[in-house]
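J.: coords please:
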Amino acid sequence: MLVGAQGAYRLARALRSIEVPATVQAVLAVRIDRLPLEEKQLLQTAAVIGTEVPLVLLQAIAEAPEEPFRLGLTHLQAGESLYETRLFPEIEYTFKHALTQQVAYETLLQERRRALHTRIVEALEALTGNRVVEVASGGKGLPAGRQDPDQVERLAHHTLRGEVWDKALTYCRQAGDKAMARSAHREAVGYFDQALRALTYLPAQRGTHEQAVELRLALRSALLPSSDSERILTCLHEAEALAAVLDDHHRLGQISGFLSVHFRNRGAYDQAITAAQRTLALATADGDGVLHALVHLYLGAAYWAQGEYARAIDCCEETVASLHGPQRLERFGQVTLPAVQACTFLAVCHAELGRFAAGTARGEEGMRIAEAVTHPSSLMWACYGIGLLRLRQGDLPRALTLLERAMGICQEADLSLFVPRMAAALGAAYTLAGRGVDAVVLLTQAVEQTMVTDMVGFQALCRLSLGEAQVLAGRLEEAHTLAERALALAGEHQERGNQAYALRLLGDIATHQQHPETEQAAAHYRQALALAEELHMRPLRAHCHRSLGTLSATTGQQEQARAALSTALEMYQAMEMTFWRPESEAALAQVAAQ
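T.: Now for the predicted structure:
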């Protein structure tokens, strides 16, 4: 397994690919069996606790008087089975070799192991006074340092191994919620799966059926960042069937809301809106204020995707207004804090309408909330919202800083669902900054991801950004294919804002041809302008006027060029979009000089 010379050996391959020979395990088992009975039992008890063995816990469950206990520990240390790893705030031991812990554990009979795991649960609860964790099933995003980092996970492990199923359900659920609070979604999936397993051993009654619904909803949220759409849909359908039997309107409303998110991610916006409206009816009938806030967030997201920015703003403002005080720091079972996500949607919708001051105010409000709870997913969304707003306004340095931070969080926290959305914005910023190569690499991967995961809701968006980058790189054929496909997807799924951007991109491609296709370019720009006017997309309108003015100047239509460029300049000045002013002023001056 090793290569190199004495004193400088290294592994020839990864440790996980190495199988420890059975003979080595047998030798260790014989060595453990030869220990004095008291020491053997002490080592086995430590092995059941785990690789980290707090002295106070070992002492609480070891069936040995004080003096033999201390002497046994001393002998195990001398024999290099255990050693101290920590002295403060309490003494803790670990095994000299991980294989020793494994073999010592396996030498115990199953019933003895189960009994020891049960005693460890009792000892842990006694030692902590049941003050285990402050992150309850509601999913608060609490500041770091307010809960024990290990005890819940230990209790979940030992309750499962000890087959204490009622407590296993409780602690696995708490461990999953705690993992969600720090955006450890894969870890949360494991705990929620274990909680569901524990639930199968408990009596079938209303309380357990309610928990079965809650766990499936929690599992859905943990699965969401990994884009496991098939399993998410299975969870939601199972939860829906259970909630229907219970005639539980609140949970049925939650499920319809999550179905709305599922449909939105797949570009099925009509279904998303229908599901959200079902949730709204249930929330209104029950007077459920939280569900009322969440469903307006779901509706706002669907309207945003369709380019109905004003309606999206109205919905998200309703969400923000409905969440008061501490509720703004609550996740309510969501991946991201709803208050932060609502502020993000408000920032980007206002940006599309050219209301940058209003968007900035809401975006910064979301950032303050996200930073207060140090929640990665929420911080990613807050950075994305303000970053995209800055990009639309042309504040490139701040846009790049924020969008790169958003992408960094997305990758570090393994939020793969959101990578295409983050990449679309960051890639557009790279293109505007002249970093075409970086944009193409990033966006090519993003487009591929949307295809593999069938995330239809992001496909047009990513193709648009990649098309812009390919224009910068001079690959006009590739850009044209991307733009046409983006236009088709946007039309198919009623993403009218993306339709407008796709038409403008087609106009840019036509003007960049070796022999510019001026008539076709003008037609595309006018179509984009008409749709942007209908949707009140002021920044895009300004860009279309600038493009039409520049195009008119090249074809000798001076009056049309002057009018269009003057309009673009006035709009840029009114919205403080200073990035594009020098180019527009230079073009207008050139027209005036002719």
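J.: So, low pLDDT: which residues of the stretch 151-300 of the chain?
T.: By pLDDT under 70, the stretch 151-300 of the chain has no low-scoring segment.
J.: just the helices in it please.
T.: Assigned by DSSP state H, counting those that start in this stretch, the stretch 151-300 of the chain shows helices spanning 151-161, 165-181, 185-199, 206-223, 229-246, 249-265, 269-286, 289-305.
J.: can you put the ones you listed in TSV and add distance to D33 and mean neighbour count?
T.: Using the backbone N, CA and C atoms, a C-beta is placed for each residue, glycine as well. TSV is the format used below for those (distance: least, CB to CB, whole Å; neighbours: other CB atoms under 10 Å):
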stretch	distance to D33	mean neighbour count
helix 151-161	23	23
helix 165-181	32	24
helix 185-199	33	21
helix 206-223	42	21
helix 229-246	45	17
helix 249-265	54	23
helix 269-286	62	19
helix 289-305	59	24
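J.: Could you export these as CSV, including distance to V56?
T.: Shown next, in CSV, are the helices of the stretch 151-300 of the chain (distance: least, CB to CB, whole Å):
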stretch, distance to V56
helix 151-161, 12
helix 165-181, 20
helix 185-199, 25
helix 206-223, 32
helix 229-246, 40
helix 249-265, 42
helix 269-286, 48
helix 289-305, 41
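J.: For the closest residue to L196 other than its chain neighbours, which residues are in contact?
T.: Nearest residue to L196, sequence neighbours excluded (CB to CB, 6 or more residues apart in numbering): L215, at 5.3 Å. Each residue near L215 by CB atoms under 8 Å, 6 or more residues apart in numbering is listed here: R173, F192, A195, L196, L199.
J.: and what of Q277?
T.: Contacts of Q277 (CB under 8 Å, 6+ apart): L299.
J.: That one and Y9: what is the separation?
T.: Note on Q277: its distance to Y9, by CB to CB, to the nearest Å, is 66 Å.
J.: center of this protein - which residue?
T.: Residue closest to the average C-alpha location in the chain (CA atoms, centre = their mean): L415, at 3.7 Å.
J.: Can you tell me which of the contacts of L215 is nearest M577?
T.: Nearest to M577 among these: F192, at 46.3 Å, using CB to CB.
J.: Quick check, the closest one in contact with A218.
T.: Yes: taking contacts as CB atoms under 8 Å, F192 lies within contact range of A218: 5.3 Å.
J.: so what sits against both of the two?
T.: Joint contacts of F192 and A218 (CB under 8 Å, 6+ apart) are R173, G176.
J.: in which helix or strand would I find the closest residue to A126 other than its chain neighbours?
T.: Distances taken as CB to CB, 6+ apart put A60 closest to A126, at 7.3 Å, once the chain neighbours are dropped. For A60, the host element (DSSP states H and E) is helix 55-61.
J.: Packing partners of the helix or strand following that helix?
T.: Where DSSP H and E defines the elements, the next helix or strand beyond helix 55-61 is helix 66-78. For helix 66-78, the contact count by 3 or more CB pairs under 8 Å, 6 or more residues apart in numbering; DSSP states H and E identifies helix 37-49, strand 82-86 as packing neighbours.
J.: ranking those by burial, who's on top?
T.: helix 37-49 (a mean of 21; mean count of other CB atoms under 10 Å).
J.: pLDDT on that one, on average?
T.: Mean per-residue pLDDT for helix 37-49: 93.
J.: That one - contacts with which helices or strands?
T.: Checked by 3+ CB pairs under 8 Å, 6+ apart, helix 37-49 has helix 22-33, helix 55-61, helix 66-78, strand 92-95, helix 98-106, helix 110-128 packed alongside it.
J.: Would you mind finding the most buried of these?
T.: Note that of the helices and strands packed on helix 37-49, strand 92-95 is the most buried (mean count of other CB under 10 Å), with a mean of 20.
J.: Count the neighbours of the residue nearest to A473 when sequence neighbours are not counted for me.
T.: Nearest residue to A473 in three dimensions, chain neighbours excluded: G436, at 4.6 Å (CB to CB, 6+ apart). Using other CB atoms under 10 Å, G436 is surrounded by 19 other residues.
J.: ok now do G436, which residues does it touch?
T.: G436 neighbours (CB under 8 Å, 6+ apart): Y430, A469, L472, A473.
J.: how about low-confidence regions in this structure?
T.: Residues of the chain that meet the cut-off, pLDDT under 70, sit at 14-20, 130-149.
J.: tally of neighbours for P397?
T.: 10.
J.: Point out the one among the helices of the stretch 151-300 of the chain that comes closest to L379.
T.: Per CB to CB, nearest to L379 of those: helix 165-181, 13.1 Å.
J.: Next, the angle helix 206-223 makes with the closest one.
T.: Using axes from the mean of the first three to the mean of the last three CA atoms, to 10 degrees, one finds that helix 165-181 and helix 206-223 are set 30 degrees apart in direction.
J.: So which elements touch helix 165-181?
T.: By 3+ CB pairs under 8 Å, 6+ apart, helix 165-181 packs against helix 151-161, helix 185-199, helix 206-223.
J.: Output those as a markdown table; include the columns distance to Y269.
T.: Shown next, in a markdown table, are the helices and strands packed on helix 165-181 (distance: least, CB to CB, whole Å):
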| stretch | distance to Y269 |
| --- | --- |
| helix 151-161 | 39 |
| helix 185-199 | 25 |
| helix 206-223 | 20 |
